[in-house]
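Asks: Okay, here's the prediction I keep looking at, along with the sequence it came from:
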Amino acid sequence: MLQKSILALSLLICSSVFASLGDDESSIQKDNTRLGGTHIKKQVQQQLFSVHELQSDNGATIKEYVSPQGKVFAVTWKGPLMPDLNQLLGQYFQPYVDTLKADGKRHHGVVHVEQPNFVVHSSGRLRAFSGLAYLPQALPQGVKIEDLQ
């Protein structure tokens, strides 16, 4: 039941559109236009990757991590509403949902899905959602998961 609730929330609560894992960096500007908030780009970690931070008017923050090759390799979120995980995860959304269905566990607001080609950690309760999704094989050399905050 909780899995269905999480899925419904991810599909319905937030109508903003973001770049998906594996998308090109060029898609981020369209995301910011749709989000209607502010956009800040930062170079970090000795040029190992850049971070595009998108902040919406409702207080949500989405960070999209981009490799030197221009691909989104990770996304984090934090805010009062759950973002549209279908859009954030892109091609990895259906395998994410399938994994949740297959494990049959109740997650009580915390979800950890670890597959060889993608990882999603998400948690939340009313007005306090956060998460991280990344592609292990696409992490730039020298980047650690702890660097993605």
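Replies: Happy to help now that I have it.

Asks: so what's the residue nearest the centre of the chain up against?
Replies: The structure's the chain has its C-alpha centroid closest to residue 75; by Cα atoms, centre = their mean the separation is 3.5 Å. Residues in contact with residue 75 (Cβ atoms under 8 Å, 6 or more residues apart in numbering) are 18, 19, 21, 62, 63, 64, 65, 88, 132, 133, 134. To be clear about C-beta, it is placed using only N, CA and C from the backbone, and glycine gets the same treatment.

Asks: Quick one: which of these has the lowest pLDDT value?
Replies: The lowest pLDDT within those belongs to residue 18, with 51.

Asks: tell me the SS of residue 130?
Replies: The three-state label given to residue 130 by DSSP: H, G, I helix; E, B strand; the rest coil is strand.

Asks: what's the closest non-adjacent residue to it?
Replies: residue 78 (4.4 Å; Cβ to Cβ, 6 or more residues apart in numbering).
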